[in-house]
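Participant: Below: sequence and its predicted model.
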Amino acid sequence: MLTGLFRKYAGLLALAGGVALLAPAAQGAAAAAYPTKPVQIVVAFAPGGSSDQVSRLVATYLTKKWGQPVSVVNKPGGGGVVGTAAVAQASPDGYMVNNAMVNTLAFAPAAQSKNPYNWDSFTYLARVGVTPSVLTVNAGSPHKTAKELIEAVKKDPAKFKTGVSGLAGTGAFGIAQILHSSGIDPAKVDMVSFNGGVLVVTNLAGAHVDFVAQQLPEVLEMVRAGKLRALMHTNPTRLKELPDVPTSREAGFPAFSVMASSGYVGPQNLAPSVVTAWETAIADALKDKEFAASLEKMGLIASYQNAKEFKAWTEEQYNSAKQLADSLGIKK
Amino acid sequence: MDIIQHLATGFSIALTPVNILYCFIGAFIGTLVGVLPGIGATVSIAILIPLTVGLGPTTAIIMLAGIYYGAMYGGSTTAILINIPGEAASVATSLDGYQMARQGRAGPALGMSAISSFAAGILSLILLMTLAVPLASYALRFGPPEYFSLMLLGLTIVVSLVGKSMAKGILAGIFGMLLATIGMEPLTGQGRFTFDNVDLMAGIDFVAVVVGLFAIPEVLENMEGPSMEVYRAKIQNLLPTRQDLRQCSGAMVRSAVVGFFIGVLPGSSGAVAAFMAYNVEKNLSKTPERFGAGAIEGVAASEGANNAAVTGAMVPLLSLGIPVSAPMAVLIGAFMIHGLRPGPMLFDKNPDFVWALIASMYVGNVILLVLNLPLVGLWTQLLRVPYPYLAPGILVLCLLGAYGIRSSFFDVGIAVAMGLVGYAMRKLDYPTAPVVLALILSPMLEDALRQSLTLSKGSLTIFVTRPISLTLLILAVVSVVYALLSRRRGRRVSGEGV
Amino acid sequence: MKRADILSSVILMGLFGFMAWQASQLDMVYRNSPGAGFFPLWLSLAALLVSAGIFVGALRQAAAADRPVRWPEGIGLRRIAGTLGGFLLYAWLITLLGFIVSTALYMLFVARLLGARRWLPSAAVSVLTALGLFLLFKVWLKMGLPTGGLPIP
């Protein structure tokens, strides 16, 4: 009997010993530098949009730098809200982050009362850069300047149709800024919402809508090829890629100022080491010549912000978006 | 002729040992990725990124293209063998492919799938070479009303998929459409049927439904009787016979054309192409009642179309810089990293690269055929595994596929729920294919409807005043009428009442 | 089939009626295009109509031409219940014991349930398959697999 009991306890002891031996190994693994397993960047939009393009570039760079596969996962829907909400609710281990655009972080909560997250429901990591919005028309359009277009819209707003990617996106806000400041009620112009920037631009190229205000990376190629015409953009200075296109200030529409930011956020309560890892990685990426050149070619203006700065900037955007939304009665 | 010259240059680049090697690697990984249910773009992309670092642009892109094709080839394997389509594009393949496997004809089904994919791939590449530029503007003419009509045309296929009871089939289709509405509504972000549940807000995932409706009920039904002879023991031939090939020659050509033209449209998918081609074959066949019970033309049509759609997707990519899906976006990313800019100017500025890519797609098709045909023998051996082991294996794969969607057991729960629903549907004679078809097409249908009505300020005439949309609507009506007539014909032949 | 059809169509009518009611609480119009509730409402109403049609059709069906549904019973029922119930248990078990152990256990269980006779081959196949799947998915494809409390994944 005693030998039987002893055998049982010996078994238990062995098991406990085994676990005890493995435990420090497990702890050691946790202490090893982040990341120790693949990282997912959630892009809340359909593939091909500017958010997606930037993230794929970043993912490739980070994979090289960290030695762990960093991949982009598209979770489109709800104008970016679905994917962003998914990250807000992910476990705070740092392996699922969101390539957040200002429209999902700031505009959506400002404009939609039932939004499943708020601008501060995240841990901010770092900002890569900003993209200006560009007012674009089809190359076959009779309007050659922004002033011409807006005057025509003012005369008969019901005749015009615009395309946006989500009703609370940078496109929608940009158009609201232009129309509102010109005394046109944005509600009078039909706003068609598409599932992603790519489809907005395609529909403009096919002349199914009349004008859009999408981000530079999404329209750049088509403008260069002559299928679309850029009328003005929101960058404070002229753009290297489109030197002949006036800024919104030059064109007489200083209110058109929305810029999309491309940055990374994670769920709340991420470990400070994770935040630092991202800050360092993004800062290094922007210093890398190849990376910076690719970004430029894409139309993204490198503009680094660390976690604190990024958070403060987003808060600013949220507040101004809330003001605009309230005055336009956009809030749903 | 210019094209021949370009193509020759392209081949000279594509046929270098390095490029062939990476094409092979890509095709192999793609096939593997495609075989496993639910493991689709996400995982393949996770593998891609570290591998493309450090490769030259041409090689990197050749490999990525190989992976995409490979996934299309691979998806049909599990669809045929165990009724789990590897991805949406293989659902139509499983309708007849699995029945063929049960009849001991898994070999010919797998073989025809590879051969048809190859033939359609080559044919569609020829279409790509000759029509890429004019097609780009064709793709642009598809606005929301055209997409609506296209999706409606796709939904009329449901009529062909119903079994004995038209009402039950239609109900299944509507049920699928309702499933698609669950989640966050795309325009205003309101939740539909979500009951404030966070997981439901993201919607019901397609993989969970397919796994639940196709695989699980099949496994359950097979264990009802005391003896479990699921697959006829005597496996007849390993490859399609000459007669099979002759029977399918028309299907291969037609599916290549249908698949290619549908693949060109941004936002469409291989699944839409596959179902449309399947429907065309069924409507044109003299014996449509064989479809759904093991008609090899069904497999040929579905597989040919989904492969041709991949080629079609290259058109907007190369000529407009527009990706139609996630793997295509990866390609664009790869382009950019290597300093190439896909877009209207790519053909002019970097013709060598473009033609090398096209040439490598030919090579890719050949490699895949060579890879897959010998494997047919290997795969059919899998069916010899005794069902007591095969059944749990299938269920474990179902769990992995459902869990892998977003690393959540919620999707596993959905799969199980769908499994019970699917089982009940089978017992009560409700067809399950319409649910899946509707689930794929309905979201685009609804989006297109709302966008179109916004464009037309609420007027329905927009669908008939635009020529392409009108044509598609007429085709939809024709498709329904044809399907109804062939049902009547089939009924008369078999002596049942209408 | 007649009795089953009547029962099931009544249940379906209830389901679709509920969905129609839920859908009606959402917006029907948004500016001049359909709102969030438009599609689901009409779909559920259509489904309700079709289920009612099936219900009526089932009532009117001649009893003589009826083919009853063959629900599983006896050994078939036991197998199905065991497999499904076991599957749910298996999913839960993964969170406790990890993928490899749970998968091996489940496969062994179902194999025996479905008639595999000898212990050693069954156990061997189960363990090898579990290991193989683990290698394929976790190591090679780097897919996230659910983990449990044991040191073995």
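Facilitator: Cool, got the structure.

Participant: so residue B:303 sits right up against residue B:119, yeah?
Facilitator: No - between residue B:303 and residue B:119 there is no contact under CB atoms under 8 Å: 9.8 Å. Where you see a C-beta, it was placed from the backbone N, CA and C, and this is true even at glycine.

Participant: neighbour count winner among these two?
Facilitator: residue B:303 (39 against 25; other CB atoms under 10 Å in any protein chain shown).

Participant: Which helix or which strand is home to the more buried one?
Facilitator: helix B:296-320 (DSSP states H and E).

Participant: same check, this time on residue B:482
Facilitator: Under the assignment here (DSSP H and E), residue B:482 is part of helix B:467-494.

Participant: by contact count, what packs against that helix?
Facilitator: helix B:144-155, helix B:157-161, helix B:270-284, helix B:462-465 (3 or more CB pairs under 8 Å, 6 or more residues apart in numbering or on different chains; DSSP states H and E).

Participant: In the shortest one, which residues are buried?
Facilitator: In this case it means helix B:462-465. B:462-463 (16 or more other CB atoms under 10 Å in any protein chain shown).

Participant: do it and chain C meet at all?
Facilitator: No - under the criterion of CB under 8 Å from any CB of the partner chain, helix B:462-465 makes no contact with chain C; the nearest approach is 11.5 Å.

Participant: And the contacts of that helix?
Facilitator: B:145, B:148-149, B:452-453, B:455-456, B:469-470, B:473 (CB atoms under 8 Å, 6 or more residues apart in numbering or on different chains).

Participant: circling back: report the angle between the helix holding residue B:482 and helix B:270-284.
Facilitator: 50 degrees (axes from the mean of the first three to the mean of the last three CA atoms, to 10 degrees).

Participant: Now helix B:467-494: average pLDDT?
Facilitator: If you average the pLDDT over helix B:467-494, you get 82.

Participant: Run the angle between it and helix B:144-155 for me.
Facilitator: Helix B:467-494 runs at 10 degrees relative to helix B:144-155, counting by the same axes, to 10 degrees.

Participant: Distance from helix B:467-494 to the middle of the chain?
Facilitator: 22 Å (CA atoms, centre = their mean, to the nearest Å).

Participant: Looking at neighbours, which among the contacts of helix B:462-465 is most surrounded?
Facilitator: Neighbour-wise, the contacts of helix B:462-465 (other CB under 10 Å) top out at residue B:145, 28 neighbours.

Participant: shouldn't it be in contact with residue B:459?
Facilitator: No - judged on CB under 8 Å, residue B:145 makes no contact with residue B:459 at a distance of 10.9 Å.

Participant: Pick the most deeply packed of the helices and strands packed on helix B:467-494.
Facilitator: helix B:270-284 (a mean of 27; mean count of other CB atoms under 10 Å in any protein chain shown).

Participant: Which strands or helices does it pack on?
Facilitator: helix B:91-102, helix B:144-155, helix B:157-161, helix B:242-263, helix B:296-320, helix B:433-455, helix B:467-494.

Participant: give me the element residue A:97 is part of.
Facilitator: strand A:96-101.

Participant: Please say whether there is contact between that strand and chain C.
Facilitator: No - using CB under 8 Å from any CB, we find that strand A:96-101 stays clear of chain C, coming within 10.1 Å at best.

Participant: Could you tell me how far that strand lies from the centre of the chain?
Facilitator: Taking CA atoms, centre = their mean, one finds strand A:96-101 lying 7 Å from the centre of the chain it belongs to.

Participant: do stretch A:279-293 as well
Facilitator: 18 Å.

Participant: Kindly report the same for stretch B:403-412.
Facilitator: Distance, stretch centre to chain centre, for stretch B:403-412: 22 Å (CA atoms, centre = their mean).

Participant: Cool, thanks, signing off.
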